[in-house]
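>>> I'll drop the sequence and a predicted model, then ask my questions.
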Amino acid sequence: MKKPREIERIIKGAANHRRIQILDALEREPELSLMEIADKFKINIKTASEHVRRMAIAGLVLKRNEGNLVRHALSPRGKSILKFLRILE
């Protein structure tokens, strides 16, 4: 089992309604940019960036550079967390 602090970091990465929505969106549409995420949820780009940053720190999201854009996709851990969250519904 992982250390309690690492588990806390993972949980905090998904502990926000908007982050849960972003995880769900990334499952349906992999490889979204920050601008696409911000537009989809009608949020500020800085807000979207902060949510994605926290999810990346938790290991829930992977980033891939594509020219000037950074594309985001669910990591295997992100997929597991999303599956767990669906059990709670």
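Structure received.

>>> Going by C-alpha atoms from here, please, whenever you check contacts or count neighbours.
Noted.

>>> ok, and for the lowest-mean-pLDDT helix or strand in the chain, which residues are buried?
One helix or strand of the chain scores below all others by mean pLDDT, DSSP states H and E: helix 4-14, with a mean of 91. Under the neighbour-count criterion of 16 or more other CA atoms under 10 Å, helix 4-14 has 9, 10, 13, 14 buried.

>>> can you list contacts of that helix?
With contacts defined as CA atoms under 8 Å, 6 or more residues apart in numbering, helix 4-14 is touched by 19, 20, 54, 55, 56, 57, 58, 59, 60, 81.

>>> again, but for stretch 24-32
71, 72, 73, 74, 79, 82.

>>> Enumerate every residue touching residue 69.
Contact analysis of residue 69 by CA under 8 Å, 6+ apart lists residue 33.

>>> Show the pLDDT at it.
With respect to pLDDT, residue 69 has a value of 90.

>>> Over to residue 42?
pLDDT, residue 42: 97.

>>> Can you get me a residue count around it?
Each residue near residue 42 was counted by other CA atoms under 10 Å, and the total is 11.

>>> Can you pull out the low-pLDDT segments for this structure?
For the chain, no stretch has pLDDT under 70.

>>> what are the ranges of the strands in it?
Assigned by DSSP state E, the chain shows strands spanning 61-66, 69-74.

>>> Deepest-packed of these, please.
strand 69-74 (a mean of 19; mean count of other CA atoms under 10 Å).

>>> sorry, back to before: most neighbours of all the contacts of helix 4-14, which one?
Using other CA under 10 Å as the neighbour test, those are led by residue 55, with 27 neighbours.

>>> need the contact list for it.
Contacts of residue 55 (CA under 8 Å, 6+ apart): 13, 14, 19, 61.
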